[in-house]
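Undergrad: Just the structure for this:
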Amino acid sequence: MEESRITDLILKRIDEVAKGVDRLDHRLEDSEVRASESRRGMHQRQETHERELLRINHRLENVEKAVNDAAPTLEDYALKKAQVEGAGRLGRMLWVAGGFLLAIAVWLVGQKENIWSWLSSR
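TA: Modelled structure (predicted):
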């Protein structure tokens, strides 16, 4: 009888340990499933970031190409702008000189009689 009772206690304890192992096994399986889903999500985000980086890289290459293609035009524009500024300054100086010469000519015409009398008195 005592042996039967001990055997029952041992079997009961083994059953409890087996149930504990089953619970632990289920927890491990759940943990593995969550970890797998987490890794899958991380890989998906990483792939999304890689695609986004490739797209940004492509756009930057296009911008760089556009800037390089526009460089001669921009240089030509800067040269033409400098030429136009120089021509504008020259034009202003010529207008000032022309106005000065015109003022002298008008003054000389106004002083014509005085100049003739001064020249004839010599």
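
Undergrad: By residue count, what's the longest helix in the protein?
TA: Ranked by residue count and defined by DSSP state H, the top helix of the chain is helix 2-110.

Undergrad: what's downstream of it, the next helix or strand?
TA: Remark: after helix 2-110, the chain's next helix or strand is helix 112-120, criterion DSSP states H and E.

Undergrad: contact partners of that following helix?
TA: Residues outside helix 112-120 that contact it (Cβ atoms under 8 Å, 6 or more residues apart in numbering) are Leu108. Heads up, the C-betas are built off the backbone N, CA and C, glycines and all.

Undergrad: Kindly recompute the last result at 6 Å.
TA: Among residues not part of helix 112-120, none is counted as a contact by Cβ atoms under 6 Å, 6 or more residues apart in numbering.

Undergrad: what angle sits between that helix and helix 2-110?
TA: Calculated by axes from the mean of the first three to the mean of the last three Cα atoms, to 10 degrees, helix 112-120 forms an angle of 60 degrees with helix 2-110.

Undergrad: what number of residues lie near Glu61?
TA: Here the count is done by other Cβ atoms under 10 Å, and Glu61 has 10 residues near it.

Undergrad: From Ala70, how far off is it?
TA: Separation of Glu61 from Ala70 (Cβ to Cβ, to the nearest Å): 15 Å.

Undergrad: Kindly report the same for Asp22.
TA: 71 Å.

Undergrad: Which pLDDT value belongs to the residue sitting nearest the centre point of the chain?
TA: The residue lying closest to the centre of the chain (Cα atoms, centre = their mean) is Leu60, at 7.8 Å. Note on Leu60: pLDDT of 96.

Undergrad: what's the distance between it and Val67?
TA: 10 Å.

Undergrad: Worst mean pLDDT across the helices and strands of the protein, which element?
TA: The weakest-scoring helix or strand in the chain, judged by mean pLDDT, DSSP states H and E, is helix 112-120 (a mean of 83).
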